[in-house]
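Visitor: What follows is a predicted structure for the sequence shown.
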Amino acid sequence: MRHGRLGIGALLGIGVMAAGSLAMAPTANAVTPETATISFDCGSFGSGTATLTATQDGTAATISVSTSAITAPIPISANSVKSTLTLTKNGSDTATFTGNANPAIPAGGAVSTGLLDGTVAAGDSLEAKSLVVVVFGITATCNATSPQNPGPFVF
């Protein structure tokens, strides 16, 4: 009676299949840090800190911004804030992330951009420089007044 022993050929076959599965597994993309803070001056609209949250999927990346620098004077419906975040890329170039996927914002609430979409390459280092928010045809331009903390996003 056989006791279920596997021969060398069977073991090698299993090893090759396992290695093939590992080779076909998708690689994880990571951005560090995932969250950063920065201070913005938005002129007559106010000033304050902002929290930026970044994610990455291959060359596609998103950054969301929530800032106390701009508050909503009246309720703002979802998907009605057009935002453009400009970042310094690798110390000399610029990158822009745009979108209008904001959540509903109550009167007096801090403005949130929702997800802003952009493109990155492996090794890109991005640090926020300015944020332009357009609500009801009114444009607020916010300029960074501090470095991003704990540092630039590295993709």
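Guide: Perfect, I can see it now. Numbering: from 1, shown residues only.
Visitor: Test my guess that P103 contacts S80.
Guide: No - assessed by CB atoms under 8 Å, P103 is found out of contact with S80, at 10.5 Å. Bear in mind the C-beta positions are built from the backbone N, C-alpha and C, glycine included.
Visitor: how about the nearest residue to A101, chain neighbours excluded?
Guide: Among residues not flanking A101 along the chain, G114 sits closest, at 3.5 Å (CB to CB, 6 or more residues apart in numbering).
Visitor: Packing partners of whichever strand or helix holds I38?
Guide: Using DSSP states H and E, I38 falls within strand 35-41. Using 3 or more CB pairs under 8 Å, 6 or more residues apart in numbering; DSSP states H and E as the contact test, the elements touching strand 35-41 are strand 47-57, strand 60-71, strand 125-135, strand 138-144.
Visitor: do you know which of those lies nearest T88?
Guide: When the helices and strands packed on strand 35-41 are compared by CB to CB, strand 125-135 sits nearest T88, at 4.9 Å.
Visitor: Please point out which parts of that closest one sit buried.
Guide: In terms of neighbour count (16 or more other CB atoms under 10 Å), strand 125-135 has its buried residues at 126-133, 135.
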